[in-house]
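[1] sequence unknown, structure follows:
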């Protein structure tokens with residue numbers, strides 16, 4: 001093997017295994033905010049067994065990496081190279097095919113990876129525990145580490161964050177996504193409502209408020225224009241925000257990848273105009289399969305959007321006023337997911353018929369110990385294509 005290849009292989013192993021770059025445990029088990037080039041990001045790096053872990057998707061967003069779901073793991077491309085984080089804690093496969101040890105876990109819906117993987121993609125990692133400095137940088141960084149510490153001295157000292165305990169579980173790189181692992185696995189419900197807002201959104205929000213339940217609304221731009229006060233209330237009450245396109249007309253939305261992107265962008269523009277808020281969460285009309293193919297995903301997700309489908313279909317669009325059938329359909333699917341410790345992402349619709357069955361569902365789910373959260377942009381998406389971008 002040529003000398004150059006031997007050196008490169010050794011360097012890759014050196015960086016992945018963290019022989020030198022593994023930082024000491026943060027003082028008092030605290031998390032450290034990560035510096036990215038010349039700015040202090042909002043990413044918190046958590047020390048676990050003398051290694052700093054960061055959310056992969058958040059880091060990829062800061063460094064403009066591309067994340068692609070594969071059959072055996074997650075391909076990460078960026079900087080000057082690529083590597084695949086293999087499923088089942090099986091390590092990382094480097095560009096030359098070499099597999100090296102690498103541990104991951106899911107925390108708070110995020111796939112946590114060692115920061116040192118950035119080293120194999122051509123980045124430099126700086127660490128100074130006494131200065132609370134943890135920084136990843138490439139050739140575009142202008143500040144020296146000393147100048148960086150001086151600039152952000154007041155913000156670098158971290159708040160106490162407990163080290164992940166036994167609830168942090170190995171991250172599946174394939175198969176059903178596990179959105180949240182901070183509580184009892186499989187007991188966090190992500191309630192979602194499509195096609196709104198509508199004439200009955202206010203009543204729907206009243207029910208959610210009564211039961212103190214969070215939810216996420218995938219809204220249509222045309223409907224937001226019809227019911228602006230409802231959109232403003234959704235934002236004011238801090239519910240999750242998602243985009244569902246403008247028209248919900250299959251022939252228009254799926255006319256081309258560019259048409260789909262335009263509808264999502266226009267939808268976001270309406271949301272921004274009415275409330276000042278925006279979102280990167282999307283759900284295509286009728287769900288992503290079969291129409292939202294790779295060409296569509298590459299076009300739309302490359303713009304920073306995150307694709308969400310569901311793993312529990314209430315079929316409320318089909319049963320309409322038949323509340324018993326909707327209730328049974330939802331609970332059967334939720335109980336099946338509980339067996340695999342998978343958190344339910346429930347599809348419902350912002351419509352009058354939902355008002356009748358929703359209180360019964362919420363009462364039962366709460367009695368069975370479920371909690372409710374809104375979907376956020378830093379969570380690993382649940383979609384039919386297993387596309388983790």
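    Looks like it arrived, so ask away. Bear in mind the structure is a predicted one, so any value in this text is a computation, not a measurement. Numbering: from 1, shown residues only.

[2] drop to CA atoms for contacts and neighbour counts, all remaining ones
    OK.

[3] give me the beta-bridge partners of residue 306?
    Residue 306 forms beta bridges with residue 281, as assigned by DSSP bridges.

[4] from residue 151, how far out is it?
    33 Å (C-alpha to C-alpha, to the nearest Å).

[5] tell me which of those two has more neighbours.
    residue 306 (26 against 15; other C-alpha atoms under 10 Å).

[6] dump the residue contacts of that one.
    280, 281, 282, 377, 381, 389 (C-alpha atoms under 8 Å, 6 or more residues apart in numbering).

[7] for the helix ranked longest in the chain, what is the distance to the chain centroid?
    Determined from DSSP state H, the single longest helix within the chain is helix 257-275. From the chain centre to the centre of helix 257-275 is a distance of 20 Å (C-alpha atoms, centre = their mean, to the nearest Å).

[8] quick check: mean pLDDT across that helix?
    When pLDDT is averaged over helix 257-275, the result is 96.

[9] what lies in contact with it?
    220-221, 224-225, 228, 231-232, 235, 243-247, 252-254, 277-279, 282, 295-297, 299-300.

[10] show me these that map onto helices.
    Filtering these for helices - DSSP H - leaves 221, 224-225, 228, 231-232, 235, 252-253, 295-297, 299-300.

[11] adding pLDDT, write these out as a markdown table.
    Listed next are the ones in helices among the contacts of helix 257-275 as a markdown table, based on pLDDT from 0 to 100:
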| residue | pLDDT |
| --- | --- |
| 221 | 96 |
| 224 | 97 |
| 225 | 97 |
| 228 | 97 |
| 231 | 97 |
| 232 | 96 |
| 235 | 94 |
| 252 | 95 |
| 253 | 96 |
| 295 | 95 |
| 296 | 96 |
| 297 | 95 |
| 299 | 94 |
| 300 | 95 |
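
[12] make CSV from those residues and add neighbour count and distance to residue 206 to it.
    Output for the ones in helices among the contacts of helix 257-275, formatted as CSV (neighbours: other C-alpha atoms under 10 Å; distance: C-alpha to C-alpha, whole Å):
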residue, neighbour count, distance to residue 206
221, 26, 22
224, 22, 18
225, 17, 21
228, 18, 17
231, 25, 14
232, 17, 14
235, 18, 14
252, 13, 34
253, 23, 32
295, 12, 40
296, 19, 36
297, 21, 35
299, 16, 38
300, 23, 34
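
[13] from these, which is closest to residue 67?
    residue 297 (12.3 Å; C-alpha to C-alpha).

[14] ok so residue 75 is a strand residue?
    Yes: under DSSP: H, G, I helix; E, B strand; the rest coil, residue 75 falls within a strand.

[15] show me the contacts for the nearest residue to it once chain neighbours are set aside.
    Spatial nearest neighbour of residue 75, chain neighbours left out: residue 84 (4.3 Å); criterion: C-alpha to C-alpha, 6 or more residues apart in numbering. Residue 84 makes contact with 73, 74, 75, 76, 92, 93, 94, according to C-alpha under 8 Å, 6+ apart.

[16] can you tell me which of those is closest to residue 286?
    Distances from residue 286 to those, taken by C-alpha to C-alpha, are shortest for residue 74, at 26.3 Å.

[17] neighbours of residue 272, how many?
    13.

[18] and the host helix or strand of residue 59, what does it pack onto?
    Per DSSP states H and E, residue 59 falls inside helix 56-63. Contacts defined by 3 or more C-alpha pairs under 8 Å, 6 or more residues apart in numbering; DSSP states H and E place helix 56-63 against strand 39-48, strand 66-70, strand 110-114.

[19] just name the most buried of those.
    When the helices and strands packed on helix 56-63 are scored by mean count of other C-alpha atoms under 10 Å, the highest mean neighbour count falls to strand 110-114 (a mean of 24).

[20] strands paired with that strand, and their directions?
    Assessed with DSSP bridges, strand 110-114 is paired to strand 51-55 (antiparallel), strand 105-107 (antiparallel).

[21] least reliable of those strands by average pLDDT, please.
    Minimum mean pLDDT among these: strand 105-107, a mean of 82.

[22] in it, what counts as buried?
    105, 106, 107 (16 or more other C-alpha atoms under 10 Å).
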